[in-house]
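Trainee: Give the three-dimensional model of this entry:
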Amino acid sequence: MINNRGIISHGNHNNFSNNAIGANAQASAPAPRHSAEPAIEAEAPWDLGIVTILSEELRSVIDELKLHRHRNPNGLYFYQGEHTVPDATLRIVATQTQSQGQRSTMAALENLRRHYNPRLWALVGIAGGIHDAHARIGNVIVSTDVVYYESRKINPRGDTRRRGEHRQAPAQVVHAVNAYFTDHGTPARINSGNAAGTGDQYEIYPGVIGSGEAVIADRDSDIRSYLTTYHEKVLAVDMEAGGLSQYWQENSVDGIANPGWIVIRGVSDNADEEKSHSHHELAARNAAHVLSQLLPYLCHPARSAAGTA
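Mentor: Sure thing, here's the model as predicted:
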């Protein structure tokens, strides 16, 4: 028998920590280390991650889906909640970009992926309409097709040749949107619950979004002309959908589940000389309402992760 007053080790792979040896020795254990992610983010999978740009857009989504603010340990703010659809309760998280544009949108998507890894991304908010019949102010465009118009070649004597990049959402999302319009008609219709209480009716169309870095306020803009020539179903323009579709494409790697994506844009102006902020609230709230109508189609519990390569 061995009388031992220190530490004895038999065998390999022994680990010792917070030890003290000798008379009157003391050991202080450090405070427990917390995970960088809060527990709520590590639970069951998240069904939908929403990206908004303007405060009006985020408020509209929060109000429509009854989300609650959450600040993670890294200082990022997200808005979380659950939303019930037939046969399922969906877990939803929303965030706001730091600024307008494709780059900030891609950063927001990376934050959603890193902290929540949702099964579907939705870009929700306002856009400028460029189709007189379908993209009236207050109408909503549901898009699974994006044309990025910024790529171009500048030749001598001012000759500029644009090179559009066209991307489509995964097949599961396209099928879900088609089912929605089959059930509700094309155009589908909603009654706006705006602050004025007028209950005006607005239309919802499937269509293509043109996306770049320009705020367009000129009916004669060469960008408008290019987009309508490139694809006659381009109904509206924004500054973020190109970043969403590019981020999705670059993350479509074999063996990695890649969320599906959809763009839902309320028309706040006609991308012309009368462009203003006066209809931002109306357009944002209509877009958020259409998102809630689409959720039973987009996030059915039997749906596999859209976009899985």
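Trainee: contacts and neighbour counts: CA atoms only from here.
Mentor: Fine.
Trainee: Wait, L291 touches I262, no?
Mentor: No - at 9.7 Å, L291 does not count as touching I262 under the criterion of Cα atoms under 8 Å.
Trainee: Look up which residues are beta-bridged to I154.
Mentor: Taking DSSP bridges as the rule, I154 bridges to T160.
Trainee: returning to that earlier point: settle it for me: which of L291 and I262 has more neighbours?
Mentor: Ranked by neighbour count (other Cα atoms under 10 Å), L291 and I262 place I262 first, with 27 against 24.
Trainee: So that one belongs to a helix, correct?
Mentor: No - under DSSP: H, G, I helix; E, B strand; the rest coil, I262 sits outside any helix and is assigned strand.
Trainee: in terms of contact, does it touch W121 like I think?
Mentor: Yes - judged on Cα under 8 Å, I262 makes contact with W121 at a distance of 6.5 Å.
Trainee: so what does the longest helix anywhere in the chain touch, helix or strand wise?
Mentor: In the chain, taking DSSP state H as the definition, the longest helix is helix 280-298. In this structure, helix 280-298 makes packing contacts with helix 55-65, strand 120-129, strand 140-148, helix 171-184, strand 260-269, judged by 3 or more Cα pairs under 8 Å, 6 or more residues apart in numbering; DSSP states H and E.
Trainee: ok, now with 6 Å
Mentor: Applying 3 or more Cα pairs under 6 Å, 6 or more residues apart in numbering; DSSP states H and E, we find helix 280-298 packed against helix 55-65, strand 120-129, strand 260-269.
Trainee: looking at those, which is closest to E232?
Mentor: strand 120-129 (13.2 Å; Cα to Cα).
Trainee: Could you check the angle the closest one makes with helix 280-298?
Mentor: On the basis of axes from the mean of the first three to the mean of the last three Cα atoms, to 10 degrees, strand 120-129 is oriented at 140 degrees to helix 280-298.
Trainee: export the helices and strands packed on helix 280-298 to JSON lines and tack on mean pLDDT and distance to R157?
Mentor: Output for these, formatted as JSON lines (pLDDT from 0 to 100; distance: least, Cα to Cα, whole Å):
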{"stretch": "helix 55-65", "mean pLDDT": "98", "distance to R157": "42"}
{"stretch": "strand 120-129", "mean pLDDT": "98", "distance to R157": "31"}
{"stretch": "strand 260-269", "mean pLDDT": "97", "distance to R157": "34"}
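Trainee: I'd like the ones you listed laid out as a markdown table, including distance to T105.
Mentor: Formatted as a markdown table, the helices and strands packed on helix 280-298 follow (distance: least, Cα to Cα, whole Å):
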| stretch | distance to T105 |
| --- | --- |
| helix 55-65 | 14 |
| strand 120-129 | 9 |
| strand 260-269 | 13 |
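Trainee: and stretch 121-138, which residues are buried?
Mentor: Of the residues in stretch 121-138, 121-131, 134-138 count as buried by neighbour count, 16 or more other Cα atoms under 10 Å.
Trainee: Same question for stretch 244-253.
Mentor: For stretch 244-253, using 16+ other Cα under 10 Å, the buried residues are L244, S245, Q246, Y247, W248.
Trainee: Okay, helices next: where are they in this structure?
Mentor: 55-65, 102-115, 171-184, 222-230, 241-250, 280-298.
Trainee: residues touching A241, list them.
Mentor: By Cα atoms under 6 Å, 6 or more residues apart in numbering, the contact set of A241 is S211.
Trainee: That one and L58, how far apart?
Mentor: 16 Å (Cα to Cα, to the nearest Å).
Trainee: go on, R136?
Mentor: On the measure of Cα to Cα, R136 and L58 end up 22 Å apart.
Trainee: likewise Q168?
Mentor: 25 Å.
Trainee: In terms of neighbours, single out the busier of the two.
Mentor: L58 (24 against 17).
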